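A.B. asks: my questions concern the predicted model and sequence given below.
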Amino acid sequence: MPNLLTTASQVMCPHGGQATLTTSNTKVTAGGSPVLLETDIHVIAGCPFTIGPKYSPCVRIEWSMGASMSTIDGVKPLTQSSMGRCIGAEGAPQGMAMVVQTQLKASAT
């Protein structure tokens, strides 16, 4: 299984904004931190992106392509290869999330 994303992982927007990683998962951990789910939406802070003179920061990440061989309460966990779309304040996609750090092994609680 590819490396899992957890609340201790580091994820950024393509412009350098930092994602705050939270999850509704309370059952499965990796490295002591809860594993993120495909249904989780993460807030981004500190994105400097502008379109011309207009400030247009990424504000959230929406995920797809969770793990194909496992689920947590029927929802796919996120892995290093999951696709995170960074969305701007006006709802437009502004690039793909960059996974900087992950966890390897999972355990159920």
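C.D. replies: Received the coordinates, thanks. Keep in mind that this is a model prediction, so the values were computed, not measured.
A.B. asks: break down the chain into its strands, ranges please.
C.D. replies: Shown for the chain, the strands assigned by DSSP state E span residues 10-12, 18-20, 28-30, 33-34, 41-45, 50-51, 54-55, 58-64, 83-88, 93-96, 98-101, 106-108.
A.B. asks: closest to residue 71 out of the ones you listed?
C.D. replies: strand 28-30 (9.9 Å; C-beta to C-beta). Heads up, the C-betas are built off the backbone N, CA and C, glycines and all.
A.B. asks: helices or strands up against the closest one?
C.D. replies: Identification of packing neighbours for strand 28-30 by 3 or more C-beta pairs under 8 Å, 6 or more residues apart in numbering; DSSP states H and E yields strand 106-108.
A.B. asks: if we can go back for a sec, out of the strands of the chain, which gets the lowest mean score?
C.D. replies: Sorting these by mean pLDDT places strand 106-108 lowest, at a mean of 55.
A.B. asks: before we move on, the earlier item: okay if I get the strands of the chain as JSON lines plus distance to residue 73 and mean neighbour count?
C.D. replies: Below are the strands of the chain laid out as JSON lines (distance: least, C-beta to C-beta, whole Å; neighbours: other C-beta atoms under 10 Å):
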{"stretch": "strand 10-12", "distance to residue 73": "22", "mean neighbour count": "19"}
{"stretch": "strand 18-20", "distance to residue 73": "22", "mean neighbour count": "18"}
{"stretch": "strand 28-30", "distance to residue 73": "9", "mean neighbour count": "21"}
{"stretch": "strand 33-34", "distance to residue 73": "12", "mean neighbour count": "19"}
{"stretch": "strand 41-45", "distance to residue 73": "17", "mean neighbour count": "17"}
{"stretch": "strand 50-51", "distance to residue 73": "39", "mean neighbour count": "11"}
{"stretch": "strand 54-55", "distance to residue 73": "38", "mean neighbour count": "10"}
{"stretch": "strand 58-64", "distance to residue 73": "16", "mean neighbour count": "20"}
{"stretch": "strand 83-88", "distance to residue 73": "21", "mean neighbour count": "20"}
{"stretch": "strand 93-96", "distance to residue 73": "26", "mean neighbour count": "16"}
{"stretch": "strand 98-101", "distance to residue 73": "23", "mean neighbour count": "14"}
{"stretch": "strand 106-108", "distance to residue 73": "11", "mean neighbour count": "12"}
